[in-house]
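J.: Any chance you can model this:
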Amino acid sequence: MMRLLFQGVPGVVDEPEVVKVGANSGNSHAASLVPDPCSLFPVLEADKLREECGVVAIHGHADAARQAYLALYALQHRGQESAGIATADGQHLANIKGMGLVSEIFTDDVLRKLPGPMAIGHTRYSTTGDSALLNAQPIRVESTKGLIAIAHNGNLVNLGNLRMSLERDGAYFQTTSDSEIIVQLIAHSQASTLVDAIADSLAQLEGAFSIVMLTRDRIFAARDPRGFRPLSIGRIRNPGAPDTIIFASESCAFDLLRAEYLRDVLPGELVMVTGDGMTSRQYSTGIPQSSCIFEHVYFARPDSKIFGRWVQESRDQMGRQLARESHIAADVVVPVPDSGVTAALGYAEQAGLPFRLGLIRNHYVGRTFIEPEQRVRDFGVRLKLNPVRNLLEGKRVILIDDSIIRGTTSRKIVRMVRGAGAKEVHLRISCPPTISPCFYGVDTPRKRDLIAANNSVDEIRRFIEADSLAYLSLNGLLHAVQDEKNTGYCTACYTGQYPTQWVDVEDILPAAATL
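T.: I've put the predicted structure just below:
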């Protein structure tokens, strides 16, 4: 069931209220604080890490809203709880957002309410409930630098210090969103131009962010100096007219729009697109790149190019390296769909074993962690996956998955395969053990809930009831994603060594979420 954010046109309506920011906003009381799932860390009972947001921006297309809708549709895997699109026509800035899938929110009637040749969009994975509703993006704000709509993917680790500093300067906050922090910084900047104010504000941020911004006549896009989260630039060639410029969290969005991939937004780069074309500047330099390696392991679609490398190629190499490191005598290689498929193909080819789809996924079942009770979730695993008995019975099975977080789902899958008649079940994981939470834009459990943080590999094997268990080594993973540019990766979830100042997840969770 889709939930609507504002009253108005049946289905979904535009956002009539504009958040005002700045010391002279006239708002003497901040609204009730609620967690923003794109900037804080809701603790969910899930057995997978979840990317929390996808962003897109379109400049120079007669039907920019529809192009943004299609791009968000391609990015739906990055968030299924809420979505929004803001458009501009040089004079006005409209914004529509709601709860639900992209296709549920943006019908033809709704898209017609979003005129203009420029658009930004956002899709989000979040907790359920009103807190998700109140913080849906894009956020449209009226600042001292003009009307701005902003959407972001990531998490700021210094938002507490920034917020206190801004409040001392007279800022009033109406949400707990990172986006509002950024806009407040822009509004309070002493820079004389908007682009300088944005660059000045981004330089003060610490953490992970890929941002798209929209004014009445311009599009901005930026990545954090370490390049944690992906953001790519694409182009649609328009004969006899200026090119359409597109920004998206993943390049798979370009394919649906018949756009060509140009390049990634560089770490520390701010790109501006106007009617005169695209310009860019480096607002930060000299910081080592630490892009999220889990984008290649799990988050991104295999048909995307992330950090300049095809995800499909990386996952194939992960499977091959896993076979080199931990192969065992077996009869068949079976992936845990869908995320384990590509690595399993690489493993099977490297090991010289048959690849079989021994588990079939029901794509029409909701995610297993939405339900509030463990009993329902456990049943959800059986609803979501079904074993193919004739492929498994009497076989020594190597089961390939991308990760183990809590271990509960893995145990049920192992039991399921064994219950279908498998003689042996050997679980192989295409990344190292996850021992630390992420603070850079990922839905993550606390460390005490990560099974690998508190147990040895053999203890995990006994818990999930597998005959053997092996993970890909960290060196093996780094080798699998290696490219000619020697891209630097963040591996904090596997090592506990964070590229920014370490912040305990307990300190950044909102009080309301811990009651």
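J.: For the lengthiest strand in the chain, list every residue counted as buried.
T.: Using DSSP state E, we find that the single longest strand of the chain is strand 146-156. For strand 146-156, burial by neighbour count (16 or more other C-beta atoms under 10 Å) applies to 148-156. C-beta here means a position set from N, CA and C on the backbone, and glycine is covered the same way.
J.: And the residues you listed, which is closest to residue 125?
T.: Residue 125 has its nearest neighbour among the buried residues of strand 146-156 in residue 153, at 10.5 Å by C-beta to C-beta.
J.: before we move on, back to that, so which of the buried residues of strand 146-156 is the closest to residue 353?
T.: residue 153 (38.1 Å).
J.: So what sits opposite the residue nearest to that closest one when sequence neighbours are not counted in the bridge?
T.: Spatial nearest neighbour of residue 153, chain neighbours left out: residue 53 (3.8 Å); criterion: C-beta to C-beta, 6 or more residues apart in numbering. Bridge pairing for residue 53 (DSSP bridges) gives the partners residue 124.
J.: still on that earlier bit, quick one: list the elements packing against the longest strand of the chain.
T.: strand 53-59, strand 82-88, strand 93-99, strand 118-124, strand 139-143, helix 178-188, strand 207-214 (3 or more C-beta pairs under 8 Å, 6 or more residues apart in numbering; DSSP states H and E).
J.: make it 6 Å
T.: Applying 3 or more C-beta pairs under 6 Å, 6 or more residues apart in numbering; DSSP states H and E, we find strand 146-156 packed against strand 53-59, strand 93-99, strand 139-143, helix 178-188, strand 207-214.
J.: Give me the buried stretch members for the longest helix seen in the chain, please.
T.: Secondary structure of the chain per DSSP state H: the longest helix is helix 311-326. Going by neighbour count (16+ other C-beta under 10 Å), the buried part of helix 311-326 is 311-323, 326.
J.: In JSON lines, list the buried residues of strand 146-156 along with pLDDT and distance to residue 67.
T.: Shown next, in JSON lines, are those (pLDDT from 0 to 100; distance: C-beta to C-beta, whole Å):
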{"residue": "148", "pLDDT": "93", "distance to residue 67": "21"}
{"residue": "149", "pLDDT": "95", "distance to residue 67": "16"}
{"residue": "150", "pLDDT": "95", "distance to residue 67": "19"}
{"residue": "151", "pLDDT": "95", "distance to residue 67": "15"}
{"residue": "152", "pLDDT": "92", "distance to residue 67": "20"}
{"residue": "153", "pLDDT": "92", "distance to residue 67": "19"}
{"residue": "154", "pLDDT": "88", "distance to residue 67": "23"}
{"residue": "155", "pLDDT": "86", "distance to residue 67": "28"}
{"residue": "156", "pLDDT": "87", "distance to residue 67": "29"}
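J.: so how far is residue 64 from residue 227?
T.: Distance, residue 227 to residue 64, by C-beta to C-beta, to the nearest Å: 27 Å.
J.: cool, residue 496 as well?
T.: 43 Å.
J.: Any stretches of the stretch 101-250 of the chain with poor pLDDT?
T.: Low-confidence segments of the stretch 101-250 of the chain (pLDDT under 70): 126-133, 175-176.
J.: Now with 90, please.
T.: 124-136, 140-146, 154-181, 183-184, 187-188, 192 (pLDDT under 90).
J.: Show me the helices in the stretch 201-350 of the chain, by range?
T.: Along the stretch 201-350 of the chain, counting by DSSP state H, counting those that start in this stretch, helices occupy 252-257, 294, 311-326, 341-351.
J.: okay if I get these as JSON lines plus mean pLDDT and distance to residue 263?
T.: Output for the helices of the stretch 201-350 of the chain, formatted as JSON lines (pLDDT from 0 to 100; distance: least, C-beta to C-beta, whole Å):
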{"stretch": "helix 252-257", "mean pLDDT": "97", "distance to residue 263": "12"}
{"stretch": "helix 294", "mean pLDDT": "95", "distance to residue 263": "22"}
{"stretch": "helix 311-326", "mean pLDDT": "98", "distance to residue 263": "17"}
{"stretch": "helix 341-351", "mean pLDDT": "98", "distance to residue 263": "24"}
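J.: Please render those as a markdown table that adds distance to residue 115 to the earlier fields.
T.: Below are the helices of the stretch 201-350 of the chain laid out as a markdown table (distance: least, C-beta to C-beta, whole Å):
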| stretch | distance to residue 115 |
| --- | --- |
| helix 252-257 | 19 |
| helix 294 | 38 |
| helix 311-326 | 35 |
| helix 341-351 | 41 |
